[in-house]
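K.L.:
Test case, fold it:
(2 chains)
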Protein chains: 2
Amino acid sequence: MCLGDDPTCAAFAEHRLRYRRDMEPERRAFLKSGFVATGGAAAWAAGGLSLVSPALAEVSAQTAVGKAAHYHLPASAETVHWGYFSKLLKPQIEIASGDFVTIETLTHHANDDAERMVAGDPGAESVFLWTKDRKAVSRRGAGPDDAKLGPGGGLGVHICTGPVAVRGAEPGDVLEVRILDVAPRPAADPKFKGLTFGSNAAAWWGYHYNDMLEGQKREVITIYEVDATGGRDWAKAVYSFRWPGVTDPNGVAHPTIDYPGLPVDHTKTERRFDVLKGIRVPIRPHFGTMGLAPSEADRVNSIPPSYTGGNIDNWRIGKGATLYYPVAVPGALFSVGDPHASQGDSELCGTAIECSLTGTFQFILHKKADLAGTSLEALDFPMIETKDEWVLSGFSYPNYLRDLGADAQDAIFSKSSIDLAMRDAFRKMRQFLMHAKGLTEDEAISLMSIAVDFGITQVVDGNWGVHAIVKKSIFSERTV
Amino acid sequence: MCLGDDPTCAAFAEHRLRYRRDMEPERRAFLKSGFVATGGAAAWAAGGLSLVSPALAEVSAQTAVGKAAHYHLPASAETVHWGYFSKLLKPQIEIASGDFVTIETLTHHANDDAERMVAGDPGAESVFLWTKDRKAVSRRGAGPDDAKLGPGGGLGVHICTGPVAVRGAEPGDVLEVRILDVAPRPAADPKFKGLTFGSNAAAWWGYHYNDMLEGQKREVITIYEVDATGGRDWAKAVYSFRWPGVTDPNGVAHPTIDYPGLPVDHTKTERRFDVLKGIRVPIRPHFGTMGLAPSEADRVNSIPPSYTGGNIDNWRIGKGATLYYPVAVPGALFSVGDPHASQGDSELCGTAIECSLTGTFQFILHKKADLAGTSLEALDFPMIETKDEWVLSGFSYPNYLRDLGADAQDAIFSKSSIDLAMRDAFRKMRQFLMHAKGLTEDEAISLMSIAVDFGITQVVDGNWGVHAIVKKSIFSERTV
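P.N.:
Predicted structure coming up:
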């Protein structure tokens, strides 16, 4: 079913109406108010919308004390970490299970067109501030402080807002994160009033880069306008340019896009305004990177996704989706970034339409002791639930930090494989059908062949992804 | 959009109505009548439903002489070839461009439960007839006549009806095949009146076979009941059994499913009727195997798909879809088989719900000389068009018969790779966007990353498949 975002859907008008109704202030206020306190979570679960059984919802709700709070976490130089997850980060906020947080996220590609995506926006200006004398967010990536390209070495690129700590969360628990709302971040410059922009970089890490038909190797940026007024919900290209090479404010030359947040000097670009004429891309706003801090290393490159989520780059992680993550460190330490307006399965050229978004999330902690016998018992990967589907994420290496040893953060980039990710997705779906739905192995195998769709999530994040999708409606008459 | 087959779709009632309307006898009669002669093809193309431009439709229509004919090709021992494509086969029927043919197809798994899928059905009985003294279709597969397992060696398994020769078709032309209708073939035994059945075999060639959790390696057959009355449109499991080992009527033992059409003796099976309880699988009726004879070899194993189509195993090849094939041999020689009631992307366990179906097809020949400058110029792979999408088929080897040399028909089975199929799908989609839609390479690359979905078609047919899907609506404002 379309979510009011597919104008070709025969029921578009009705879906659109529903979407807009969801966006009404009253409705939003309701969603963000005492949802847990009023038993909303249990009701939700009972309605079949969640992997969480009514019993588990009930017991998990007891960990919430009093009325759920609603926090706002803006994006600024103080509230983001750039290019890595880390169990050592000080939380930006500590919340209780059941609480809501509205979190601003910024695309790390905003400086591809600072006029449209940074200028006049205090949060974005604060994060991207970089002069000869001052770099507001100095570390970008998980690399060393003295890396040649700049602190952090660009070994990880996503601006992540957070972390959010969940009180009482401990390794072995499961954190449920519901995405209640996703809104684009408009340009701040009055001359672009009401418009939102995003950037698509066909970059050196793209799948196409060593396999081009014409001319020399090149990186090409395309700036898109993203309509999200509810009237159209599509994106269209504004212009494109070849990466001109950038010398950063500290004098380091970047002939390729080798470090995030480099300010593009448009006096040195040649813009083509005649690109992708007449083409309208339906938007699928979502968060490319969203997850918890892993336990295996102090700082973890934000690019390869893994068992605690991170850069899954699945466009289904948008409004209405719920994620379930295994908690690996005390407090869980949730961060979110890499906002996308639209992406295709595979994210072929290396990026989506990278576009700043603000999300509203609710967090529900499920304690390990309460998980025995439930669908979430022993969950060891990031599970996605949408309104109609369960979506399981397979990776080339399910936990590459563990699987590839001390050198894992380098090694993963030379071991990318869809074939391996398919194997992992198959095993996870089999496990899910057997454990959560009570099937035998033989039943699970048959069902997977006739009713589960395997797709290619991304082929650009080192730890490549394959997802397995099963429709919830298949089980509507089943008691388990 | 659902095609009236997804009860969870909010517009299900409307879609269902439309589907049923399409099924009305008058409507079907119209579709099968003088469609080309009345300019229907050109109108269709002009409506944006087809890759064929109005100009090409016009010129292609001129090759049709007079009113289009409608033929019926039943499935019988005389009209099928089992397990291979061949340019040497005598056509069952020769038609003109524009003609319609209703073609019966039989699943090669019908003998897994002969009572439900063969008995009392003269066509099926004719094909499956195999006693000590007589085997109605002796050759099954592309192997030698004296193969140990039986003539043809089981090197290829699909019962294909045809071939249909198209008058005037020559190498370099493109054959357009429209699937106008697909209907399930009901059980013939009165005790199953009104019901249709299919078989799913989790077999030794499945993706799971060497990666099972529990117990010994095993092949498991699940028999499904397929409701296609229009009231429910789902399948449900009836029972399952482990492959018991079969000694064929000629005394050859088959401990595994190593030859197609083996008659299962149910006095030797242990049936479990409690499988997949409460699970309802939406049906997606389609033809797993459908295509033209290749030119590279005299007999070609029906299992690996290739540039002239064949066993693509994409569930989108159903009612309403149009295929475009490069013609490789005079007459084109179209055959169809391997009917499926439902399949997931990947066809994980080796088969779908294998279920006999009857299709109604229209054939339009596009001559090479008319293709210059059109979207179909130099087409060298099987292109799928659905109502809303273009679907391009990538394979581990785009033309394995050419790519892998003299030993290709053996070698392909040791070279299966999703990674290679993804590479091929990427290149084909880039070519399509550049050639058919007039984009530059840089435009195509960007668009692929934000709006094209890559999925895993199958991982069980030797030449593994990845498909790339782009929505037609994206181009609705574009002139090309």
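
K.L.:
burial count for the closest residue to residue A:416 other than its chain neighbours?
P.N.:
Nearest non-adjacent residue to residue A:416, counting by CB to CB, 6 or more residues apart in numbering or on different chains: residue A:464, 4.7 Å away. Any C-beta I mention is one placed from the backbone N, CA and C, and that applies to glycine too. For residue A:464, the neighbour count with other CB atoms under 10 Å in any protein chain shown is 30.

K.L.:
Show me what stretch A:122-129 is in contact with.
P.N.:
A:74-78, A:80, A:82, A:104, A:106, A:110-111, A:114, A:117-119, A:135-137, A:159, A:188, A:261, A:263, A:356 (CB atoms under 8 Å, 6 or more residues apart in numbering or on different chains).

K.L.:
Of those residues, just the buried ones, PyMOL syntax please.
P.N.:
This is how PyMOL selects the buried members of these, with burial counted by 16 or more other CB atoms under 10 Å in any protein chain shown:
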select buried, chain A and resi 74+75+76+77+80+82+104+106+110+111+114+117+118+119+135+136+137+159+188+261+263+356
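
K.L.:
restrict the contacts of stretch A:122-129 to those near chain B?
P.N.:
Among these, no residue sits close to chain B (CB under 8 Å from any CB of the partner chain).

K.L.:
Three-state assignment for residue A:443, please.
P.N.:
With DSSP: H, G, I helix; E, B strand; the rest coil as the basis, residue A:443 sits in helix.

K.L.:
tell me the pLDDT at it?
P.N.:
Note on residue A:443: pLDDT of 98.

K.L.:
Would you confirm that it contacts residue A:430?
P.N.:
No: with contact defined as CB atoms under 8 Å, residue A:443 does not reach residue A:430; the gap is 10.2 Å.

K.L.:
What does the closest residue to residue A:424 other than its chain neighbours show for phi and psi?
P.N.:
Using CB to CB, 6+ apart and skipping the chain neighbours, the partner closest in space to residue A:424 is residue A:394 (3.7 Å). With angles defined as degrees, to the nearest 10, residue A:394 sits at phi -100, psi 150.

K.L.:
Hmm, residue A:394 is touching residue A:430, no?
P.N.:
No: counting by CB under 8 Å, residue A:394 stays clear of residue A:430, with 11.1 Å between them.

K.L.:
and the residue of the stretch 351-480 of chain A found nearest chain B, helix, strand or coil?
P.N.:
Residue nearest to chain B within the stretch 351-480 of chain A (CB to the nearest CB): residue A:478, separated by 3.3 Å. Three-state call for residue A:478 (three-state DSSP): coil.

K.L.:
Show me where the stretch 101-250 of chain A has its helices.
P.N.:
For the stretch 101-250 of chain A, the helices defined by DSSP state H, counting those that start in this stretch occupy A:114-117, A:122-128.

K.L.:
Make JSON lines from those helices and add distance to residue B:383 and mean pLDDT to it.
P.N.:
Shown next, in JSON lines, are the helices of the stretch 101-250 of chain A (distance: least, CB to CB, whole Å; pLDDT from 0 to 100):
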{"stretch": "helix A:114-117", "distance to residue B:383": "38", "mean pLDDT": "98"}
{"stretch": "helix A:122-128", "distance to residue B:383": "44", "mean pLDDT": "98"}
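
K.L.:
Of the ones you listed, which is nearest residue B:323?
P.N.:
Residue B:323 lies closest to helix A:114-117 among those, at 43.4 Å (CB to CB).

K.L.:
Show me what the closest one is in contact with.
P.N.:
Helix A:114-117 is contacted from outside by A:107, A:109-111, A:124, A:128, A:187, A:189, A:192, A:195, A:197-199, A:223, A:263-264, A:266, A:356, using CB under 8 Å, 6+ apart.

K.L.:
Equivalent analysis for stretch A:415-422, please.
P.N.:
Identification of contacts with stretch A:415-422 by CB under 8 Å, 6+ apart yields A:394-397, A:400, A:404, A:454, A:456-457, A:459, A:462-466, B:207, B:346, B:417-419, B:422, B:456, B:459.

K.L.:
Now, these that are in helices?
P.N.:
The members of the contacts of stretch A:415-422 that map onto helices under DSSP state H are A:400, B:418, B:419, B:422.

K.L.:
ok, and the most crowded of these?
P.N.:
Most surrounded of those: other CB under 10 Å gives residue B:418, at 28 neighbours.

K.L.:
circling back: of the helices of the stretch 101-250 of chain A, give the one that comes closest to residue B:378.
P.N.:
Once the helices of the stretch 101-250 of chain A are compared by CB to CB, helix A:114-117 is nearest, at 40.1 Å.
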